[in-house]
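# Sequence isn't available, so here's the structure alone:
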């Protein structure tokens, strides 16, 4: 690892830690209200969702519009695990999230293997179809609570722990995508045939990326279910998938920081503009169309926003001048 | 007898899927775009006819004439969306096109939800004629009109594509966009015409649909559109007879599932068929395998 990378990681780590202590401090001092901290939990969930969808849409270059389906699988699996009450407390919660992630991942493999034989538009439609099938099945079976929904899930809404889980998830996804496997996935996005010809096992890596995406969507679903304490299949409809997609598209397909920033903004914005909530979806759809026409790569494109670069630019400017 | 009735019901809804999926298949063939907003054009058509029926009945005209304003407005809307949303993206990656189409669909749905509330509205009877009986089998007038109109329209469309100048221009454009341009076909106009025809068929489908299920609401188009797209994929996307075949198959399967298995699971069955067909023959029932050029 070269020096600038190390320094960039260290700086990011310090900032994330400072933000953590600042936010938990403010919550403990009751400066941040319960309502505000509940929105912060929502932001964490949406960040995991947006970043995980970014892996398929941005990094693999395949569009899926059934992401909420994976989220619902994870949410139900985690909730059912918690309700069974094998392990209590925090370890039980973490275990439930892992179970949710694994089950969502298994469903991801099951869907991914056939679906990824098709590309582009067909994949979009087939993921939509799977999302609908999952919803219909959840409502059909009894053990999921049927159409009435699943009640009595042990509630867990401790912001600090959810924040740590979020950071851990994003970190795992980021390090995965900057690894050798990640580069293989990026090469498929840029040219599937060429990357296959140069020895990348495209089928394997497509399924792999799709599954990773599903696993983290499942974890986000688990957090979501435990946060609310009640689940219904209808919450995870087509519109929820589109919400996540809007975050990824606006932030920039392929940019992690872009997804994170737009997840934060697009979660806070509707809360601030409550009186205009009727117009939210109209604005979203216009935003989607206009972004595609005028800035098809999204706000950040494929670039990553790095604090260290900014610091380098302003503080180390003089140094650079003397060196060159 | 019950079974035969279910088959005929399936043919009725299948005809509507077929009409809608013709539009999907034409647009996909020519612009390589899943026009997600196509289903919502049906919703717009249904609202237009809902609002024009009182005017028509005041003027003493038959209710089914409401199909005329629906066609006009839907054709204009189809051409408008093509011009405003899809044409600027002609040379963009397909993912951008798909996202734009989703955007247009959401825009139409939410605009209508804002304008006319999300409430379901009842639709007056389109066909007032008494049911016809064939040896103990009572058939609605609307059912017969729907099935026959679909067959006539799809045969007519096939004729149009094969015999007329514009149809041939469409086929050429869908075959090779650049080459069509080189031989002097006005590609922009041809694509716009495709959207116009597709939207016109969707408008006819919308009136036939509300004659079978007499209610209108802003989200009615999305599921109908998705199923019509599935029908198009089932028959082989880009192939007109395939779309009609796919529509009929889908309609019959859905009707039989609802009648004999579970109405709750009908949608899941429809999607399962799509998945199975895509796995066994990704190009659809009538599709031919085309090797990807590098």
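That came through fine. Computed from a predicted model, the values in this text were never measured in an experiment. Numbers count the residues shown, from 1 in each chain, chains lettered A, B, ... in the order given.
# Determine how far the last residue of stretch A:196-209 lies from the first.
16 Å (Cα to Cα, to the nearest Å).
# secondary structure element for the closest residue to chain B within the stretch 101-250 of chain A?
At 3.8 Å from chain B, residue A:129 is the closest residue in the stretch 101-250 of chain A, using Cβ to the nearest Cβ. Every C-beta, even on glycine, is put in place using the N, C-alpha and C of the backbone. If you go by DSSP states H and E, residue A:129 is part of helix A:121-140.
# Now do the same contact list for residue A:41.
Contacts of residue A:41 were listed using Cβ atoms under 8 Å, 6 or more residues apart in numbering or on different chains, and they are A:157, A:159, A:162, A:223, A:227.
# one step back: of all the residues in the helix holding residue A:129, which ones are buried?
A:121-136, A:138-139 (16 or more other Cβ atoms under 10 Å in any protein chain shown).
# Equivalent analysis for stretch B:93-109, please.
B:94-109.
# With stretch B:275-294 instead?
Applying 16+ other Cβ under 10 Å to stretch B:275-294 flags B:275, B:277-278, B:283-287 as buried.
# can you check stretch A:228-238 too?
In stretch A:228-238, counting by 16+ other Cβ under 10 Å, buried: A:228, A:231-233, A:235-236, A:238.
# Take those residues and lay them out in JSON lines including pLDDT, distance to residue A:252 and secondary structure.
Listed next are the buried residues of stretch A:228-238 as JSON lines, based on pLDDT from 0 to 100; distance: Cβ to Cβ, whole Å; DSSP: H, G, I helix; E, B strand; the rest coil:
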{"residue": "A:228", "pLDDT": "88", "distance to residue A:252": "30", "secondary structure": "helix"}
{"residue": "A:231", "pLDDT": "88", "distance to residue A:252": "31", "secondary structure": "strand"}
{"residue": "A:232", "pLDDT": "85", "distance to residue A:252": "32", "secondary structure": "coil"}
{"residue": "A:233", "pLDDT": "81", "distance to residue A:252": "31", "secondary structure": "helix"}
{"residue": "A:235", "pLDDT": "83", "distance to residue A:252": "27", "secondary structure": "helix"}
{"residue": "A:236", "pLDDT": "85", "distance to residue A:252": "25", "secondary structure": "helix"}
{"residue": "A:238", "pLDDT": "80", "distance to residue A:252": "23", "secondary structure": "helix"}
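# Farthest pair within those?
Spatial extent of these (Cβ to Cβ) is set by the pair A:228 and A:238 at 19.8 Å.
# check contacts around residue A:126.
Contacts of residue A:126 (Cβ under 8 Å, 6+ apart): A:111, A:114-115, A:118, B:274-275, B:278.
# ignore the last one, residue B:147
B:8, B:11-12, B:15.
# hang on, the earlier thing: turn the buried residues of stretch A:228-238 into a markdown table, including distance to chain B.
Supplementary listing: the buried residues of stretch A:228-238 in a markdown table, determined by distance: Cβ to the nearest Cβ, whole Å:
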| residue | distance to chain B |
| --- | --- |
| A:228 | 23 |
| A:231 | 19 |
| A:232 | 16 |
| A:233 | 12 |
| A:235 | 16 |
| A:236 | 15 |
| A:238 | 7 |
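# Skip the chain neighbours and tell me the closest residue to residue B:263.
Distances taken as Cβ to Cβ, 6 or more residues apart in numbering or on different chains put residue B:257 closest to residue B:263, at 7.8 Å, once the chain neighbours are dropped.
# same deal with residue A:59?
Residue A:59 sits nearest to residue A:185 (Cβ to Cβ, 6+ apart), 5.3 Å away.
# in chain B, which spans are strands?
B:121-122, B:132-134, B:137-139, B:215-216 (DSSP state E).
# Need those strands in JSON lines (columns: mean pLDDT and distance to chain A).
Converted to JSON lines, these look like this (pLDDT from 0 to 100; distance: least, Cβ to the nearest Cβ, whole Å):
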{"stretch": "strand B:121-122", "mean pLDDT": "86", "distance to chain A": "19"}
{"stretch": "strand B:132-134", "mean pLDDT": "74", "distance to chain A": "36"}
{"stretch": "strand B:137-139", "mean pLDDT": "75", "distance to chain A": "31"}
{"stretch": "strand B:215-216", "mean pLDDT": "90", "distance to chain A": "19"}
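# Out of the buried residues of stretch B:275-294, which sit inside helices?
B:275, B:277-278 (DSSP state H).
# of those, list those near chain A.
B:275, B:278 (Cβ under 8 Å from any Cβ of the partner chain).
# which of the contacts of residue A:41 count as buried?
A:159, A:162, A:223, A:227.
# Excluding chain neighbours, what is closest to residue B:41?
residue B:202 (4.5 Å).
# before we move on, the earlier item: just flag the most distant two among the buried residues of stretch B:275-294.
Most distant of these, by Cβ to Cβ, are B:275 and B:286, 18.5 Å apart.
# ok and the residue in the stretch 151-294 of chain B nearest chain A?
residue B:271 (3.8 Å).
# Tell me who's in contact with the closest residue to that residue other than its chain neighbours.
In space, and not counting its chain neighbours, residue B:271 is closest to residue A:129: 3.8 Å by Cβ to Cβ, 6+ apart. Residues near residue A:129 by Cβ under 8 Å, 6+ apart: A:66, B:226, B:230, B:271, B:274-275.
# So residue B:228 sits against residue B:36, correct?
No - applying Cβ atoms under 8 Å as the test, residue B:228 and residue B:36 come out as separate, 11.2 Å apart.
# sorry, back to before: just the buried ones among the contacts of residue A:41: which are in helices?
Per DSSP H, those map to helices at A:159, A:162, A:223, A:227.
# so what's residue 270 closest to, chain neighbours aside?
Here I'm looking at chain A. residue A:280 is the one closest to residue A:270 (Cβ to Cβ, 6+ apart), at 5.3 Å.
# Switch to chain B, please.
residue B:254 (5.7 Å).
# Identify the nearest residue to residue B:196 in space, disregarding sequence-adjacent positions?
Nearest to residue B:196 is residue B:75, by Cβ to Cβ, 6+ apart, at 4.8 Å.
# which stretches of the chain have low pLDDT?
All of this refers to chain A. A:1-2, A:118-120, A:307-308, A:314-324 (pLDDT under 70).
# let's do chain B instead
Using pLDDT under 70, chain B drops low at B:135-136, B:289-294.
# for the stretch 151-294 of chain B, what spans make up the helices?
B:165-175, B:177-182, B:187-212, B:220-235, B:240-260, B:266-280 (DSSP state H, counting those that start in this stretch).
# and the angle for the third one with helix B:220-235?
Computed by axes from the mean of the first three to the mean of the last three Cα atoms, to 10 degrees, the angle separating helix B:187-212 from helix B:220-235 equals 110 degrees.
# name the helices or strands packed onto helix B:187-212?
In terms of contacts (3 or more Cβ pairs under 8 Å, 6 or more residues apart in numbering or on different chains; DSSP states H and E), helix B:187-212 is packed against helix B:2-31, helix B:38-58, helix B:67-81, helix B:141-163, helix B:165-175, helix B:177-182.
# Kindly state which of the helices of the stretch 151-294 of chain B is positioned closest to residue A:299.
helix B:220-235 (27.8 Å).
# how about that closest one, does it reach chain A?
Yes - Helix B:220-235 is in contact with chain A by Cβ under 8 Å from any Cβ, via B:222, B:226, B:229-230, B:233.
# Next, format those as JSON lines and append neighbour count.
Below are the residues of helix B:220-235 next to chain A laid out as JSON lines (neighbours: other Cβ atoms under 10 Å in any protein chain shown):
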{"residue": "B:222", "neighbour count": "21"}
{"residue": "B:226", "neighbour count": "24"}
{"residue": "B:229", "neighbour count": "30"}
{"residue": "B:230", "neighbour count": "27"}
{"residue": "B:233", "neighbour count": "31"}
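# thought the residue nearest to residue B:41 was touching residue B:46?
No - counting by Cβ under 8 Å, residue B:202 stays clear of residue B:46, with 10.1 Å between them.
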